[in-house]
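# would you be able to build a 3D model of this:
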Amino acid sequence: MKTIDFKKMRTELKAIYKAFLENPEDESIKDKAQDYDREYGGLQAYENYLKDNPIPKNISEALGGLFMIYEYGIFGENHDLSQENILKKVKPIYENL
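Below you'll find the predicted structure:
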């Protein structure tokens, strides 16, 4: 069984978001975000069962937003998730970590 260290998770998520904000076109950052989402993204689904150790809201929000990083650039400019809108949505998530 894996133990979740939210302090470490916050640090790792912050690094992914910071790297993305600094260079949103970098494919390796997208890969890291996708890998992290695959490993930890399911935590949000279990949050209701974790009454003794709930997921901090900022970490839950950051896990939920990872898709915007690894899917960056596939959305058209007329879509709500245009590149400009993604950057606007990702920055506050990063700042809340």
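# now Y40. Nearest residue, chain neighbours left out?
In space, and not counting its chain neighbours, Y40 is closest to L63: 5.9 Å by C-beta to C-beta, 6 or more residues apart in numbering. C-betas here are computed from N, CA, C, even on glycine.
# so what's that neighbour up against?
By C-beta atoms under 8 Å, 6 or more residues apart in numbering, the contact list for L63 reads L13, D37, Y40, G41, L43, Q44, I55.
# what about it, which helix or strand?
Taking DSSP states H and E as the definition, L63 sits inside helix 57-70.
# mean confidence score for that helix?
The average pLDDT within helix 57-70 is 90.
# biggest helix in the chain by residues?
Secondary structure of the chain per DSSP state H: the longest helix is helix 6-22.
# now for it, which elements pack on it?
Packing partners of helix 6-22 (3 or more C-beta pairs under 8 Å, 6 or more residues apart in numbering; DSSP states H and E): helix 27-40, helix 57-70, helix 83-96.
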